[in-house]
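# Any chance you can model this:
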Amino acid sequence: MKGLSQLYYLHGIGYDYTKYTGEHVVFEERVRAEALRCCGIETADSALIEQLNFELDIAPWQRVVEDVCLIEQHDSLLKFKLPDHQLDGLASLKIQTLDYAHKFELTSGVVVGEYQHLGVRYVEVAFQVAPISTGYYSAILSLPSGQYETQVWSVPTQCYNPLQSKVVGLSIQLYTLRSDRNLGIGDFGDLQDLISHSAQLQCDYILLNPLHLLFFDQQHRVSPYSPNHRSLLNPLYIAVDLCDGFADNQALTELYQQTLLQLQDQKSKTYIDYAQVSEQKYGLLSALYAHFKTRRSAQEVSQFIAFQEDFATALEALDGDEQAIYWQWLAWQQLESCQQLALKMGMHIGLINDLAVGCADDSLEYQANHTLYAQNAHVGAPPDPWAESGQDWGLPALNPQKIKRRRYEFFKQLLRNNMRAVGGLRIDHVMAIRRLWWCFEVGDKRQGCYVYYPFEHLMALIKIESQLQQTLVIGEDLGVVPPEIKAVMQEANMLGNVLFYFEKDYNDEFVPQTELRHQALLMVANHDVPPFVAWWQGDDLLLRAEYQLLEESELKSERLKRENEKHKLLSWLADAGVSHLDINSRAFDVYESLMLALSHCPTQMLCMQLDDLDEQTLPVNIPGTYLEYPNWRRRLSRSTGKIFEHKGDFIATLTQSRKGI
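A predicted model of the protein is given here:
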């Protein structure tokens with residue numbers, strides 16, 4: 001392998017893939033070449049290609065040790081490279097912060113790789129060293145040929161997973177929660193209320209939508225999966241009335257009551273008017289900041305400074321805007337309070353955060369890290385039955401070579417910040433740590449290919465941070481997933497994500513409950529598919545037709561398919577011992593029976609969607625639409641208290657069935 005073909009391989013540009021149809025697809029040369037050009041590499045420059053091939057292929061063998069040195073705890077092997085004639089003498093590895101020193105003979109290693117260049121044989125040699133506790137450490141490797149600095153990563157075998165038995169919980173989109181006290185959008189005060197209701201009925205966790213910072217001055221951009229910054233929180237989730245000093249300030253309390261009155265009509269509507277809600281709520285948050293500036297105590301100042309030091313890297317994106325930084329402080333305080341309440345009330349996990357796969361291409365996060373990204377390339381998905389030309393999610397693509405900079409600090413901070421103040425982290429589209437589908441233009445036509453990432457190092461970071469933060473990890477692995485991802489997730493005790501709608505066997509029948517995956521989070525529906533009541537009644541199909549996403553002929557065909565799916569579900573329920581239902585049964589009766597049957601499945605985590613408990617017929621998101629349908633704006637029909645008043649008995653029955661009480 002030489003020249004451009006070699007560079008494609010070394011830079012992670014994919015060669016082929018298996019399409020959803022089972023077809024083997026080889027990427028065109030011009031498509032692969034464009035992927036490299038997106039990385040700033042001119043494919044016609046033969047001298048540059050030769051130089052890059054040397055840097056990526058030969059130079060690593062001439063370096064004794066890289067910037068990062070992985071030591072897996074299951075075998076404690078230290079690996080580095082040397083010319084084979086230097087394999088003699090005494091060596092040592094020292095980590096000053098741990099008072100760690102391990103000496104070994106260079107003749108004691110095992111050769112695990114080799115490379116020939118200009119008559120020199122370079123070898124990679126593995127040496128067993130004394131165990132090192134989980135973490136990242138500056139280290140000095142001393143050899144007869146000199147001393148070499150590196151950062152040792154001591155990588156645990158598995159992610160943190162506290163689950164000793166099967167658990168059950170809820171999934172929610174926080175902004176959808178209704179209450180008398182919120183300011184038109186669900187907030188951390190509503191989350192506390194939901195935690196109290198859920199914990200009393202023995203729920204173990206609440207899975208949240210991404211809480212990432214959105215766009216202050218562009219209220220139409222409200223997708224939590226296309227955020228402004230993934231290491232910062234959306235200030236609209238702050239419960240103003242729960243902030244310190246609020247109750248003692250008459251001017252603030254009066255302004256709060258006035259704001260509630262002005263939003264009264266908007267709060268009664270089905271969809272959030274983000275322009276109105278944002279204007280009113282940010283006005284109140286600004287007043288809260290003005291109060292803080294004039295009345296802050298010495299203790300508050302000290303705590304605020306400590307927060308800024310702790311979050312220094314992420315807060316750089318706010319460019320010194322103290323008001324915006326203050327809002328971040330409030331938001332993180334309240335998220336932490338919610339997690340502490342969940343644990344205090346007996347939840348096994350508490351809150352589970354959701355990490356979006358990327359940020360918007362004009363976001364603060366992108367601007368702060370633009371040197372890590374490819375140019376003119378977006379993240380998306382390959383062709384599928386719903387999008388034959390593939391999907392472009394509009395998220396900029398990280399350059400796989402660039403993210404190695406500063407010892408993967410970008411990804412480390414992203415994980416660390418999203419594991420704060422929660423008990424679990426769901427990683428959206430977890431396949432991204434192995435490969436991502438890049439979308440770009442080739443000859444005025446959208447094309448794409450897979451690009452591969454430094455999987456070993458990214459997976460190591462997930463395991464290390466999970467253990468350091470004591471955070472359960474769930475990798476969203478729906479769709480076509482490379483087998484190596486599934487295998488590594490299982491070995492690492494990282495849970496997958498199962499959606500009942502999609503769990504089918506080779507005969508297109510729903511998988512028996514006893515065969516559902518153990519190491520996973522099981523949901524009937526999520527934010528990208530219709531709520532169960534809508535699915536059973538076919539409301540989602542009518543809605544798609546209303547928005548001209550289905551032609552009349554397609555609607556008829558889809559209805560027939562849905563009737564067939566419903567019969568398959570009834571057959572599945574009958575096999576599970578539920579025989580009193582038929583095609584005309586009330587939707588929520590079917591949902592109750594389905595969830596109770598699933599309560600006996602072997603899957604570690606079972607999840608109820610609050611939308612389903614609310615008997616929602618409208619989705620929060622219709623994939624493939626942007627401004628046609630009001631995505632990410634739909635509220636629940638009832639308050640948390642009302643939902644639990646109507647469905648509390650069912651929730652209690654389900655949790656008791658799940659726990660064998």
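# How about the secondary structure of Leu82?
strand (DSSP: H, G, I helix; E, B strand; the rest coil).
# which stretches of the stretch 251-400 of the chain have low pLDDT?
385-388 (pLDDT under 70).
# Which helix or which strand is home to Asn418?
For Asn418, the element it lies in under DSSP states H and E is helix 409-419.
# so who does Ala275 touch?
Gln219 (Cβ atoms under 8 Å, 6 or more residues apart in numbering). All C-beta atoms are positioned from the backbone trio N, CA, C, and that covers glycine.
# Any buried residues in the helix or strand hosting it, and which?
Using DSSP H and E, Ala275 maps to helix 274-295. When burial is assessed from 16 or more other Cβ atoms under 10 Å, helix 274-295 yields the following buried residues: 274, 277-278, 280-282, 284-285, 287-289, 291-292.
# With stretch 25-39 instead?
Here stretch 25-39 shows Phe27, Val31, Arg32, Ala33, Glu34, Ala35, Leu36, Arg37, Cys38, Cys39 as buried, counting by 16+ other Cβ under 10 Å.
# now swap in stretch 2-16 and tell me
Neighbour-count burial for stretch 2-16 [16+ other Cβ under 10 Å]: Leu4, Gln6, Leu7, Tyr8, Tyr9, His11, Gly12, Ile13, Gly14.
# again, but for stretch 466-473
Ser466, Gln467, Leu468, Gln469, Thr471, Leu472, Val473.
# just stretch 75-95 next, same as before
Using 16+ other Cβ under 10 Å as the test for burial, stretch 75-95 gives Ser76, Leu77, Leu78, Lys79, Phe80, Lys81, Leu82, Ala91, Leu93, Lys94, Ile95.
# now it: mean pLDDT?
For stretch 75-95, mean pLDDT rounds to 97.
# what's around the nearest residue to Pro383 once chain neighbours are set aside, how many residues?
With Cβ to Cβ, 6 or more residues apart in numbering as the criterion, Pro383 has its nearest non-adjacent residue at 4.9 Å, and that residue is Gly390. Look at Gly390: counted by other Cβ atoms under 10 Å, it has 15 neighbours.
# Over to Asp244?
Quick note: Asp244 (other Cβ under 10 Å) scores 13 neighbours.
# Look at it and give its secondary structure.
coil.
# Phi, psi for the nearest residue to it once chain neighbours are set aside please.
Excluding its sequence neighbours, the residue lying closest to Asp244 (Cβ to Cβ, 6+ apart) is Glu300, at 7.6 Å. Listed backbone geometry of Glu300 is phi -60, psi -40, with angles given as degrees, to the nearest 10.
# swap in the one 3 residues further on?
Backbone geometry at Gln303, expressed as degrees, to the nearest 10, gives phi -70, psi -40.
# Against Leu213, how distant is it?
21 Å (Cβ to Cβ, to the nearest Å).
# What of Val125?
46 Å.
# Between these two, which has more neighbouring residues?
Neighbour count, other Cβ under 10 Å: between Val125 and Leu213, Leu213 has more, with 27 against 21.
# What pLDDT does the model give the closest residue to the more buried one other than its chain neighbours?
Leaving out its chain neighbours, the residue that sits closest to Leu213 by Cβ to Cβ, 6+ apart is Leu232, at 3.9 Å. pLDDT, Leu232: 98.
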